[in-house]
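**Q** What follows is a predicted protein model with its sequence.
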Amino acid sequence: MKKLSWTNKYRKGALQLFSFLFMILCLTGCGTSGREVVDEKKDDTGIKIGFSVDSLVVERWEKDRDIFVTKAGELGAEVNFQNASGSIENQKKQIGYLIDRDVDVIVIVAGDSEMFSEEVEAAHKKGIKVIAYDRMLMNADVDLYISFDNTEVGRLMGEAFSEKLKKGAKVMMVNGPTTDNNVALVSAGFEEVAGINQWTITDISYTDGWKQELAYDYINEHIDMAKEADAIMCGNDAIAGQVISALSENRIVGDILVAGQDADLDACQRVVEKTQFMTVYKPIDTLAETAAKYAVRLAKGDLSEELLTENNGKYDIPCIYVTPYAVTIDNIDEMIIDSGFHMRSDVYLNVTQ
């Protein structure tokens, strides 16, 4: 009888202990579950923006990213930034990831303008808006295109050259990749001015994937042609830098006018050093802040204003254009330094004033 009584007492104590532990576990579980629900609700009420860039190899994209993220944060939005490191497949996967994350808007700087129509369609099926940033997405039903007037960029290069070149001058063109729709627009603007001035375009080349070192190789391989040229139009400042390096090694730097775009710091330094004739300043802060504002507006369903449209091969896409500006040694202080884009001490680092 004593043994049975002790067993019952033991079982009763064990049951009480088990019940107590179970209650603690339930309370702890409910607490954890409650925190997860709160977090999910917080995420659902905030605006989530995905930003996909093909690569950060070009200097300016880090500025675009930082300005966009800052402005979006000021407007109450969270940005999920993805860098594809130059791989189209990576960019496709990363956009798919952003779609799975159920963001409200995806902003895309496309590595190939022709390759993302399926991703745009997939985003729309989940109610996600898509902005083509700086580069148009061709044959894709994007909700908005925000960029600089790229045809005007090409015109500005040509018009700057026209102040120095005579009719019949020889010009080479070292463009970016054919996969970037902006390259065709910039080229069209430049060739328009070249035609008006009756310049001879002796050769047109393209740098795959914006790989600037290819421009260096190209000039060295065509150095005889370069020596005969009066000017070289370059797809951006990074390409211009490599072209100038090749010209320098062949002791003809400064004899040939070189143009680029983006107003990178080293390009501005070359302008004041008189090795690069001009660059095109594109106010990135205006572009990135405008994109952030409109991304938030799209997320809220607030885009009722009338905008210009541009056909991307299949659809007429609402567009917002930001004005670019030509920069030479004559106006670099006003355009670049006074605007705060670069500091005077940095621009004139290698020049005695």
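**A** That came in fine, so what should we check first?
**Q** that's a helix at residue 291, yeah?
**A** Yes - under DSSP: H, G, I helix; E, B strand; the rest coil, residue 291 sits within a helix.
**Q** Assign the closest residue to it other than its chain neighbours to one of the three secondary structure states.
**A** Spatially, and ignoring its direct neighbours in sequence, residue 291 is nearest to residue 146 (4.8 Å; Cβ to Cβ, 6 or more residues apart in numbering). No exception for glycine: its C-beta is placed from N, CA and C like everyone else's. Per three-state DSSP, the secondary structure class of residue 146 is strand.
**Q** and residue 146, bridged to which residues?
**A** Beta-bridge partners of residue 146, counted by DSSP bridges, are residue 133, residue 320.
**Q** In this structure it contacts residue 294, no?
**A** Yes - applying Cβ atoms under 8 Å as the test, residue 146 and residue 294 come out as touching, 6.6 Å apart.
**Q** domain parsing for the chain?
**A** Domain ranges of the chain: 45-149+284-322, 150-282+326-347, per automatic domain parsing.
**Q** Could you dump those domains into a markdown table with mean pLDDT added?
**A** A markdown table is the format used below for these (pLDDT from 0 to 100):
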| stretch | mean pLDDT |
| --- | --- |
| domain 45-149+284-322 | 94 |
| domain 150-282+326-347 | 96 |
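**Q** Can you lay out these as TSV showing mean neighbour count?
**A** TSV is the format used below for the domains of the chain (neighbours: other Cβ atoms under 10 Å):
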stretch	mean neighbour count
domain 45-149+284-322	19
domain 150-282+326-347	20
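**Q** which residues are in contact with both of residue 146 and residue 294?
**A** Residues touching both residue 146 and residue 294 by Cβ atoms under 8 Å, 6 or more residues apart in numbering: 131, 320.
**Q** can you pull out the helices in the protein?
**A** Secondary structure of the chain by DSSP state H: the helices cover 2-45, 60-74, 88-100, 117-125, 150-162, 181-196, 213-221, 223-228, 237-249, 265-273, 284-299, 332, 344-347.
**Q** Select, out of those helices, the one closest to residue 137.
**A** Nearest of the helices of the chain to residue 137, taken as Cβ to Cβ: helix 117-125 at 6.5 Å.
**Q** Out of the helices of the chain, the one nearest residue 307 is which?
**A** Closest approach to residue 307 among the helices of the chain (Cβ to Cβ): helix 284-299, 9.7 Å.
**Q** which helices and strands sit right next to that closest one?
**A** For helix 284-299, the elements it packs on are strand 47-53, helix 60-74, strand 77-83, strand 105-109, strand 129-133, strand 144-148, strand 316-322, judged by 3 or more Cβ pairs under 8 Å, 6 or more residues apart in numbering; DSSP states H and E.
**Q** and residue 162, what does it touch?
**A** Residue 162 is in contact with 193, 197, counting by Cβ under 8 Å, 6+ apart.
**Q** any idea how far residue 197 is from it?
**A** Distance of residue 162 to residue 197, computed by Cβ to Cβ, to the nearest Å: 5 Å.
**Q** and what of residue 210?
**A** 28 Å.
**Q** Same question for residue 103.
**A** Separation of residue 103 from residue 197 (Cβ to Cβ): 47 Å.
**Q** Residue 69 contacts residue 79, doesn't it?
**A** Yes - between residue 69 and residue 79 a contact is recorded at 4.7 Å, counting by Cβ under 8 Å.
**Q** how far away is the residue nearest to residue 192 when sequence neighbours are not counted from residue 178?
**A** Counting by Cβ to Cβ, 6+ apart, residue 155 is the residue found nearest to residue 192 once chain neighbours are left out, at 6.4 Å. In this view, residue 155 and residue 178 are 20 Å apart by Cβ to Cβ.
**Q** Give me the distance between the two termini of stretch 47-62.
**A** By Cα to Cα, to the nearest Å, the extent of stretch 47-62 from end to end equals 22 Å.
**Q** How much space separates residue 309 from residue 131?
**A** Taken as Cβ to Cβ, the span from residue 309 to residue 131 is 15 Å.
**Q** Also residue 254?
**A** Distance, residue 254 to residue 131, by Cβ to Cβ: 42 Å.
**Q** and what of residue 194?
**A** 33 Å.
**Q** Likewise for residue 78?
**A** To residue 131, residue 78 is 16 Å away according to Cβ to Cβ.
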